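*Asks:* any chance you could fold what I've pasted below:
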Amino acid sequence: MMSRFARLLLLIALCAACAFSQVGRASLFGTVTDSTGAAVSNAKVQIINTGTNVATTAVTNEAGYYTAPSLPVGSYQLVVEQTGFKKAVRDGITLQVDQRGQVDIALEVGNLSESITVSGEAPLVDTGSSTVGKVIENKRIQELPINGRNALALTLLAPAVRTTFAGNPNGFADRGIALSGMSINGGPSALNAFVMDGANNNQGYLADVNVSPTVDAVQEFKVQSATMSAEFGFTAGGVVNLVTKSGTNEFHGTLYHFLRNDNFDARNPFPALRAPFRYNQFGGALGGPVKLPKIYDGKNRTFFFYNFEAWYFRRASNPIGSTPIDTWRRGDFSNFLNDRGQVIPVFDPDTLRREGAQVFRTQFPNNVIPTARLDPTTVAFLRYMPAPNRTPVNAFTQQNNYLSTITESREMQQNTAKVDHRFSDRNSIYGRYTFYRHFTNAGNLQSPWPDPLVRARLDDLRNNNFVLNDTHTFSPNLLNEFRVSVARSSFPFQAASFGQNLPRELGLHPSIPSDTLPFMNNFGFANFGAFTVGLRGSTNWQFFDMITWIKGGHTVKIGYDHRLNQANNFQRETPSHSFNFGGGLTNNPAAPAGTGSAFATFLLGQVASATGFVYLGEAQKSYSSSVFIQDDWRVNRKLTVNLGLRWDYQQWPRERNNGTSNFDPTRTIAGTNLRGATVFAGVDYGAAPFEPIYSNFGPRVGLAYDLTGKGSTVFRAGYSIYYPSTFYRDTFGSTSGFANTQTQYIPPGGDTNLPAFRFRDGLPFAPTQPLGARLGAAGFLGQNVTWDQPNERVPMSQQWSASLQQQVKGWLLDATYSANRGTHLIAGGYNLNGVQPQNWQFGQRLTQERVANPYAGQVPGALGGATITLQQSLAAFPYYNAVTVRNPHLGNSIYHALLFTAERRFQSGLVLLFSYTNGKLISDSVVTPINFGPGLEQVGIVGYQDGLAARNLERAIDPTDISQRGVISLVYELPFGKGRKFGANVNRVANVLIGGWQLNNITTMQTGVPLTISGANNFRAGRPNSTGSSAKIDNPTAARWFDTTQFVNPPNFTLGTIGRTLPDVRSPGVFNMDLSAIKDTRLTEALRLQFRAEAFNWLNNVNLGLPNMGFSAGPDGRNQSAAFGTIVSARDARIVQFGLKLIF
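*Replies:* Residues are numbered from 1 along each chain as shown. Here you go, the predicted structure:
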C-alpha cells in the first residue's frame, strides 16, 4: 500500500502549476553592437540548448543589452537576428551552475538571410557576479578517482574547503556524515547549506546531508561562499550547489561495477594486519527523450533520467575471548582454577551469617552448585553462548578458549528519477525524486559473542528527497519561479534481539521489558545484551517563490522562502535494563581474596545491582520565513553591481507536546526565599524558552569590474551577512521533568553482602517515570538543572572578499582574499554553580570544610542537610547541584585566507585544476552541532577548559585549522590512437592496443592541525601549564612528536596556562596521491567499454594520525604517561579498486 508520504508527493506532482528557482541554474547576458560599437536595440536573441533543442528568447534593450535568466546548465548555441544585419551564430557556449556568463556579439551589416559564425573563447570568467566559488564539472566527477565514489568528496578540490573529519581527506564516507563535516571559508562544519536541483538538501536534527547523489547522477556542482545572491541563506560558511543530470534528445546511459578486496591493498603500519574486506559497487543510468511508440514522442519536449546504484561491503574480525566450559555451565566448579591450578572456592550466598562484626558464608560442597539452585532464567541464556573451540592460553583458567568470526556488513541502495517537460515556450516543469537507503549491520568487532547476544546496532537509514519546479515566462523581461521540495530522513536503529520477544521466550520476569535482551554485566565473561534502540527522523519542507524582472541594466529578483521543519528522536539505551552480577555474592566475605565466581553468581540469579531505564522521546518542530530582494545591476559594459538584502525569521524549535522545561534564575519559588525555579513549556512560558528574533537582516553588496572590457580580466569584491539554520541539535534535548530516568536497584541498606534481588523474581519495583511539570517550580531543588538563556542570539557570519580573475587562452587564473567572521556561535556549556575565580583562594577548604547550611530542611536530599561544603555555600544557587548553561552562543571566530586557483578546461585531452589555500582560523571554543564519528551524532567540542573564566585563554588557532592546503587534480587523455597526435592513422587492432588510455590523479598536500593538550588534574584546570619553552622539536617521529617535558600540572585551584591549542606544534601533515588508469575500447560508434584501475594513496605514503594529547601528571607534576606525545595510528595505506563501465 502506498504510504501517506508517497501519496502526498504524488498529489503535489499532479497539482503543481508553477516553478523553479534560479538556484542551481545559470544565466547568460551580453551586449549586441554593430561594427562601429553602437548598440543594436530590439535584436532577437535565441539561446538554444544543444542537448534538448529548447530555445530561450531575449530581446536587446536600447543599450543593446540582453539577459536570459534561469537557464539549465549545459551547452548552448547563441543566435542573434536583427533587420539590416547578418544573422550571427555563436557555438560552444557552456554554462555552469550559478554562472552569469557574458557573451557580446558584434553584428555585420547585410541581409538577415545571410549568417556568420562568430568565433571566440568560451566564457570562463564570470563578469556579472561577486561570488567566490569553484565549479566541479562533469568531466572531473566522472573520471577522477574517488574512494567510495561519493561525488561530494570532490568538494575538497575547491580552495577554502577542508574536511574536519579525522579520516582520509578523500576517504570512504559513512552515510555522508564525514562529507558533512567540511568547513567552507572558515565556517563551522555542519553549518553549510547543501542544495540539490535548487532544493534544500540538509536534513533536520543533525545538520547532515540528506542525500549524497551518486557519481553517475551528478551533472556538476559549485562550492560557493562570500557574497552570494540574496536567494541563498542558512549558512555560516558556504553553499554546495549541486545539479543532477537530465535527459536530452539522444539516449545515453551507463552500466558499471566496481570492486575492492583487501588482498589488493597494502598493510597499514598501525596495525600491520589487514582486516578481511569485500566491497562491490554497481549500478546503471539511462537518460533520453520520453517515447511511447505510436502514442507520444517527447523529442524537444519531454526528457527523463534514471539512475540506480548499490554497494555492499563486508569486513570480518576474529576476536578471541572466553566462554564457559561445559562443567561450569552445569554449576560444577570443581575445576574452576586460578592461574596456578588451585581451585577457587565458590560460596553459597544463601548461607550468609553474621557473628558480631564478621560475616561468613559456607562453601558449596565439592564446589558444585546443586542443579535445583540454578536460576532457570539465567541458565536460559547459555543457549546463545558458544562452546570453546580453541586451546586456551591457560589450561587452568580456560582464558581465551574461543575464536569467533564477527562480520560487519553495510548495504546501500540509491534511486534517482528525473523528468523535464516543456509545455510551451513560456512554461516548463521538472521533478526529481531520490531515495537513499543505508543499512548497517555494525557488529561488535571486539566481542566474541554472536547474535543475538551482541550486536552494536542495526542501522537502517532511509532518506527521501523530492523537488518539483516549473518556470513561467510572462515576457522576455518577466518570469515567475516557484518550487516545492521536501527532504525526509527516517533512521531506525536497533539491537539484533529487538522485536523477537526473546525475554518472554527465555522465561524472564514480566517486569523486564520484552523489547530486547537485557544488558548482562560483570558475570565472569564479556558483557552481552542490547545497547541502543530507537528512531530518529526529520522532515523539512521548502516552499519558494521568486519573480525576476529585467529592466534596462537591472536584473531584479524578489522572493519568498518558507520552510517547515520537524524532527523526532526516540532513542533508548539498554531498553530492557542493565543487570550486574560480580563475584562478591559467592566469595568468602571473611577472606574474599581468591574466592568467588561472577559466573556462579550469574547462574544462581543473584543480582548484585541493576539499573532500570525509562526514556521519553522528543518531537521538535519550527518554521522559518525569509524575504529577499536582489538587484544585479549592469551599470555599464565594464561594471556590474550586486545589491541584495535578505530577512530571515526563524522560529526557535519547540517540542510539539510541550515536553520541555527551563531554569529561571530570576524567579523566586513561591512560599520560599529561594531564587531560581524550574519553569515549564505551556505553563510558565510559551512553546520555546527563547525570545523571538526579528532583526536578522543579511545585506549582500558586491561588484564585478571588467578591467579590459573584453571579459577576460575581472576584479570582484563584496561583503555579506548570513544566518545559519537554528533547527539543529544544540537547542534540542531532554530537560528537567522530561529527562530520561535511571532507577538504581541496590541491596537492602546498601549491604553489598546481600543481593539486590533474584533475577527470576524481576525488578522489586517499577522504574521511576519522568514526572513532567507535576512537581512544579520547586520540583528539582537539590538536583542538576539546565538553563537555556532566553535572550540567545542566532549565529551570524560576516564574509568579505576581493579577487582578481584572468582568462588566458584555455586557462582561468584566480587570486582571492577571503574572510569570515563568526559571532554568536555555539560555545561549550558551563556551570553557573562552578567555583568562581575569586573563591579559588580557599583552596582545598572548598571541598573539605563544611559550614552551616542556611537552607537546611528546605531542600530535599544532601543539600538540605545541616551542613554543606564551603564550595556549595559559595555557589550562585547553593540549593542546586549543577546549573548548566547549555550551549550558549558565546563563540566567536575569524578566518583570513589567500586563495589561488589555476584551471584548464577540457582542451587537447587535458583537464587540470590546482587550488591552494593559505589561511588561519582563530576561534574561542566554537562547537559544531554534530560529532562526525560513525554512528555518533551529537554536540561535540574540542579543547574547551572553562565557560567564562579566562576567556582570553580560549581564543586560539582553531583545532581544525589547516594553514596550508594544496590540491592538484587532472584528467589526461593520452595522445595515442586514431585521431590523436600519435598514431592517428594506425589500423583498428593497433588502435585497440594504444588508443583510449587515460590517466587521472588527485594530489593532496596539507599541513596538520594544531594540538590540544588536556588532562591536568588539579581540581580546576583542564589543561596543564607551560614551562615557558616551546614543545616543538626538530625531526619529530611517531615515537616522540613533541617535547612532553614542557608541560607541568598547574598549582591547585588555578587554570592551566597553555592555550586551547599549541601555537607552534601541529599534527603530521598529509601527502596523498590518488591515481586512476582508464582504458576505453570502442565497441561500436555509440558503445564503448571502459576498464578502470584506481589506487588511493598509490605511493603508499605513511600519513601519520594524531599524536596522543593526554597529559597525565605524576607526583612531581610532570607527565608520567608513556603514551603522551606518541602516534599509534595512520591514515589508510594504499587501497586498490577496479571498475568496468559500459557507456552508450
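
*Asks:* mind listing the helices in the protein by residue range?
*Replies:* Remark: helices assigned in the chain by DSSP state H are 4-15, 138-143, 177-180, 326-329, 376-379, 502-505, 598-604, 845-848, 870-873, 988-994.

*Asks:* tell me the mean pLDDT for the second one?
*Replies:* Along helix 138-143, the predicted local confidence has a mean pLDDT of 95.

*Asks:* again with the first one
*Replies:* For helix 4-15, mean pLDDT rounds to 43.

*Asks:* list the contacts of residue 995.
*Replies:* Residues near residue 995 by CB atoms under 8 Å, 6 or more residues apart in numbering: 976-978, 980, 983, 986, 1080. (Each C-beta comes from the backbone N, C-alpha and C, glycine too.)

*Asks:* now render the residues you listed as TSV, adding neighbour count.
*Replies:* As requested, the contacts of residue 995 are exported to TSV (neighbours: other CB atoms under 10 Å):
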residue	neighbour count
976	18
977	22
978	16
980	19
983	17
986	17
1080	17
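
*Asks:* in strands, which of those appear?
*Replies:* Secondary structure assignment by DSSP state E places residue 1080 of the contacts of residue 995 in strands.

*Asks:* returning to that earlier point: can I get the helices of the chain in JSON lines with distance to residue 203 and mean neighbour count?
*Replies:* Formatted as JSON lines, the helices of the chain follow (distance: least, CB to CB, whole Å; neighbours: other CB atoms under 10 Å):
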{"stretch": "helix 4-15", "distance to residue 203": "15", "mean neighbour count": "12"}
{"stretch": "helix 138-143", "distance to residue 203": "23", "mean neighbour count": "19"}
{"stretch": "helix 177-180", "distance to residue 203": "9", "mean neighbour count": "25"}
{"stretch": "helix 326-329", "distance to residue 203": "48", "mean neighbour count": "15"}
{"stretch": "helix 376-379", "distance to residue 203": "42", "mean neighbour count": "18"}
{"stretch": "helix 502-505", "distance to residue 203": "33", "mean neighbour count": "16"}
{"stretch": "helix 598-604", "distance to residue 203": "43", "mean neighbour count": "26"}
{"stretch": "helix 845-848", "distance to residue 203": "45", "mean neighbour count": "15"}
{"stretch": "helix 870-873", "distance to residue 203": "43", "mean neighbour count": "19"}
{"stretch": "helix 988-994", "distance to residue 203": "47", "mean neighbour count": "14"}
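
*Asks:* okay, these in CSV with distance to residue 713 next?
*Replies:* Below are those laid out as CSV (distance: least, CB to CB, whole Å):
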stretch, distance to residue 713
helix 4-15, 46
helix 138-143, 25
helix 177-180, 35
helix 326-329, 83
helix 376-379, 80
helix 502-505, 72
helix 598-604, 78
helix 845-848, 67
helix 870-873, 67
helix 988-994, 41
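
*Asks:* hang on, the earlier thing: just the contacts of residue 995 now: which is nearest residue 665?
*Replies:* The shortest gap between residue 665 and any of those belongs to residue 1080, at 69.7 Å (CB to CB).

*Asks:* averaged pLDDT, stretch 87-98. What do you get?
*Replies:* Predicted confidence along stretch 87-98 averages 91 (mean pLDDT).

*Asks:* list the buried residues in that stretch.
*Replies:* 87-91, 93-98 (16 or more other CB atoms under 10 Å).

*Asks:* thinking again about what came up before, which one of the helices of the chain lies nearest to residue 591?
*Replies:* Closest to residue 591 of the helices of the chain, according to CB to CB: helix 598-604, at 17.3 Å.

*Asks:* which helices and strands does that closest one pack with?
*Replies:* Helices and strands touching helix 598-604, by 3 or more CB pairs under 8 Å, 6 or more residues apart in numbering; DSSP states H and E, are helix 376-379.

*Asks:* keep only those of the buried residues of stretch 87-98 that are in strands.
*Replies:* Where these overlap with strands, as defined by DSSP E, the overlap consists of 87-91, 93-95.

*Asks:* redo those residues as a markdown table? Include distance to residue 328.
*Replies:* Formatted as a markdown table, the entries for these read as follows, by distance: CB to CB, whole Å:
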| residue | distance to residue 328 |
| --- | --- |
| 87 | 95 |
| 88 | 92 |
| 89 | 89 |
| 90 | 86 |
| 91 | 83 |
| 93 | 80 |
| 94 | 74 |
| 95 | 74 |
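
*Asks:* sorry, back to before: looking at the helices of the chain, which is closest to residue 744?
*Replies:* With CB to CB as the criterion, residue 744 lies closest to helix 598-604 of the helices of the chain, at 18.5 Å.

*Asks:* what's in contact with the closest one?
*Replies:* With CB under 8 Å, 6+ apart as the test, helix 598-604 has contacts from 324, 328, 331, 333, 336, 346, 349, 369, 373-375, 378-379, 520, 522-525, 581-586, 608.

*Asks:* would you mind writing the CA trace of that helix as PDB?
*Replies:* Backbone C-alpha positions of helix 598-604 (Å, rounded to 0.1, in the frame of the first residue of the first chain) are rendered in PDB as follows:
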ATOM      1  CA  ALA A 598      30.900 -14.000  39.000                       C
ATOM      2  CA  PHE A 599      29.600 -16.700  36.600                       C
ATOM      3  CA  ALA A 600      28.400 -18.700  39.600                       C
ATOM      4  CA  THR A 601      26.600 -15.600  40.900                       C
ATOM      5  CA  PHE A 602      25.000 -15.400  37.400                       C
ATOM      6  CA  LEU A 603      23.900 -19.000  37.400                       C
ATOM      7  CA  LEU A 604      22.300 -18.500  40.800                       C
END
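
*Asks:* chain center to it: distance?
*Replies:* Going by CA atoms, centre = their mean, to the nearest Å, the spacing between the C-alpha centre of helix 598-604 and its chain's C-alpha centre is 44 Å.

*Asks:* who are the contact partners of residue 1030?
*Replies:* With contacts defined as CB under 8 Å, 6+ apart, residue 1030 is in contact with 1043, 1046, 1064-1065.

*Asks:* can you tell which of the helices of the chain is closest to residue 826?
*Replies:* Distances from residue 826 to each of these were compared using CB to CB; the minimum, 15.9 Å, belongs to helix 177-180.

*Asks:* where does the stretch 251-400 of the chain dip in pLDDT?
*Replies:* Scanning the stretch 251-400 of the chain for pLDDT under 70 picks out 272-273.

*Asks:* give the contact list for residue 236.
*Replies:* For residue 236, the set of contacting residues under the criterion of CB under 8 Å, 6+ apart consists of 187-188, 191-192, 722-724, 795-797, 820, 822, 825.

*Asks:* report the buried members of those.
*Replies:* If you count burial by 16+ other CB under 10 Å, the buried members of the contacts of residue 236 come out as 187-188, 191-192, 722-724, 795-797, 820, 822, 825.

*Asks:* rewinding a little: tell me which of the contacts of helix 598-604 fall in strands.
*Replies:* 349, 520.

*Asks:* if we can go back for a sec, so which of the helices of the chain is nearest residue 577?
*Replies:* When the helices of the chain are compared by CB to CB, helix 502-505 sits nearest residue 577, at 10.1 Å.

*Asks:* name the surrounding residues that touch the closest one.
*Replies:* When contacts are taken as CB under 8 Å, 6+ apart, the neighbours of helix 502-505 outside the stretch itself are 452, 512-514, 516-518, 576.
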